[in-house]
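>>> I need the structure of the sequence given here:
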Amino acid sequence: MKRILYVLTAIILLISNVPALGAEFRERPDINPLVEDMILYYGCYGEAAAEEVNGRLEALKETDSRQGELWEDVMDYWGYVNTDLVIHGDHLPDGLPKDDSLALVILGGALNPDGSMRDELVRRLEVGLDCAAQYPNAYVVCTGGGTARENKAVTEAGQMGAWLRENGLEASRLILEDRSRSTIENARFTLDILRSDYPPGWRDRDRQQRLSRRQGLPAV
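Next up is the predicted model:
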């Protein structure tokens, strides 16, 4: 679980706008200024800022060893993402879990004012549908709240889920997270749902319980 949190944190940092992130941090007194410096330095200058980043890390360890170790892992993973991570733009790599312990998360994008999806979001769904076919036992999570200025009845996740259903995805595989309004909330709310409602093996246990009820046997 710690590794998952590190990965999510690194992804959030990478896809966020760094200057805007820094501005948000400056409005929040609970953010350690050493952490803010590390994010801004590495976000703007990458590996060229290694000396500055390492200096802040050492200072953070002296004041809060736990936070220092956490952020050392985060910065290490961020560096790996920037330098060595292989990006699969239109497919998933082979060798991922073949069961329902795998969840494919499709991030939403701002809807048009009338609630329809932009072309970019549809292309993202097309790739997601291909990946779902590649791993037919994986869950598919659509995440994103209401962003249509003129249509408050729809959400990004709802529109995305409807498109996937219309294009052949089984309803039993679809999970909707329709409250988030930012990438950070996408990650946080999705993780909460998967961790609480869809632990690995949930589908098999649910199937066995339904079979036991039909047969009049005690549920496993």
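
>>> Distance of residue 89 relative to residue 82?
16 Å (CB to CB, to the nearest Å). Any C-beta I mention is one placed from the backbone N, CA and C, and that applies to glycine too.

>>> So between those two, which is more surrounded?
residue 82 (13 against 5; other CB atoms under 10 Å).

>>> how about low-confidence regions in this protein?
The chain contains residues with pLDDT under 70 at 1-30, 200-220.

>>> Show me the residue sitting in the middle of it in space.
residue 187 (3.9 Å; CA atoms, centre = their mean).

>>> Helix or strand: which one has it?
In the assignment (DSSP states H and E), residue 187 maps to helix 183-197.

>>> buried stuff in that helix?
Buried residues in helix 183-197, counting neighbours by 16 or more other CB atoms under 10 Å, are found at 183, 184, 186, 187, 189, 190, 191, 193, 194.

>>> try stretch 77-86
So, applying 16+ other CB under 10 Å, buried residues of stretch 77-86: 77, 78, 79.

>>> Closest one to residue 151 out of those residues, please.
Of all the buried residues of stretch 77-86, residue 78 has the smallest distance to residue 151: 37.2 Å, by CB to CB.

>>> so that closest one, which of the three states?
helix (DSSP: H, G, I helix; E, B strand; the rest coil).

>>> any idea how far residue 119 lies from residue 90?
16 Å.

>>> Over to residue 113?
For residue 113, the distance to residue 90 - CB to CB - is 30 Å.
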